[in-house]
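Participant: what follows is a predicted structure for the sequence shown.
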Amino acid sequence: MPIRPIITEPLNSTAQDKILRGKAKRVGRIDDSTRRLIDDMIETMRDAPGVGLAAPQVGVPLRVIVVEYEDELFTVINPEIVKSSGQVEDEEGCLSAPNWQGPVTRATTVLVKGRDRNGKEVRIKADGWLARIFQHEVDHLEGVLFLDKVHDRSKIHWVEADEDDEGPSKPGKPDEHEEPL
């Protein structure tokens, strides 16, 4: 399972950049190529490291996301947020905007429906940080980055890379969540 390159901002108007900022297509048929994509995305997310990844972030314009939080792995094809409630603002980061963070308001609880890697319908009720991760990844399927959702652009800030880390810093909720969405 290869680790795929993650598309990052700033965008240069290449075809892959247009995928990151475009609306992803629904998956019509779940087959071995879909499952290979999911496996590659999981390895890429873990290698980055992050807690979520959407197919457009690796240059594939399909509605597929992977999320791993508190030792639980979710793979959702054609995800939809069908219910949400509550509201909270918190810091976010993103693998496609390394070293940047900013405050984003999100629902505190969501119900996500979609299909798993075998085509079986799934419904996932997520609260707190897990709900935030799902909303962040579903936004990617619409071509939306967390930076687009920061209401006060002056609050977007650069986070230095960790000295022990070879790659970009791990923005997320400071002191509690270390890995970007």
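Facilitator: Noted; the coordinates are in hand. Because the structure is predicted, anything quoted here is derived from the model rather than measured.
Participant: top strand in the chain by residue count?
Facilitator: Ordering each strand of the chain by length in residues (DSSP state E) puts strand 72-85 first.
Participant: what does it rub up against?
Facilitator: Outside of strand 72-85, the residues within contact range by C-beta atoms under 8 Å, 6 or more residues apart in numbering are 26-27, 30, 34, 38, 42, 63-68, 107-117, 119, 122, 124, 131, 134-135, 137-138, 141. C-beta here means a position set from N, CA and C on the backbone, and glycine is covered the same way.
Participant: in PDB, list the C-alpha atoms belonging to the host helix or strand of Asp139.
Facilitator: Assigned by DSSP states H and E, Asp139 belongs to helix 128-141. Extracted C-alpha coordinates of helix 128-141, given in PDB (Å, rounded to 0.1, in the frame of the first residue of the first chain):
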ATOM      1  CA  GLY A 128     -16.900  16.300  20.300                       C
ATOM      2  CA  TRP A 129     -13.600  16.100  18.500                       C
ATOM      3  CA  LEU A 130     -14.700  13.100  16.400                       C
ATOM      4  CA  ALA A 131     -17.700  15.100  15.200                       C
ATOM      5  CA  ARG A 132     -15.300  17.900  14.200                       C
ATOM      6  CA  ILE A 133     -13.100  15.500  12.300                       C
ATOM      7  CA  PHE A 134     -16.000  14.100  10.300                       C
ATOM      8  CA  GLN A 135     -17.200  17.700   9.400                       C
ATOM      9  CA  HIS A 136     -13.700  18.700   8.400                       C
ATOM     10  CA  GLU A 137     -13.300  15.700   6.100                       C
ATOM     11  CA  VAL A 138     -16.800  16.000   4.500                       C
ATOM     12  CA  ASP A 139     -16.000  19.700   3.800                       C
ATOM     13  CA  HIS A 140     -13.000  18.500   1.700                       C
ATOM     14  CA  LEU A 141     -15.400  16.600  -0.500                       C
END
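Participant: the helix or strand just after it: partners in the sheet, and parallel or antiparallel?
Facilitator: As assigned by DSSP H and E, the chain's next helix or strand after helix 128-141 is strand 157-158. The strands beside strand 157-158 in its sheet (DSSP bridges) come out as strand 100-106 (antiparallel).
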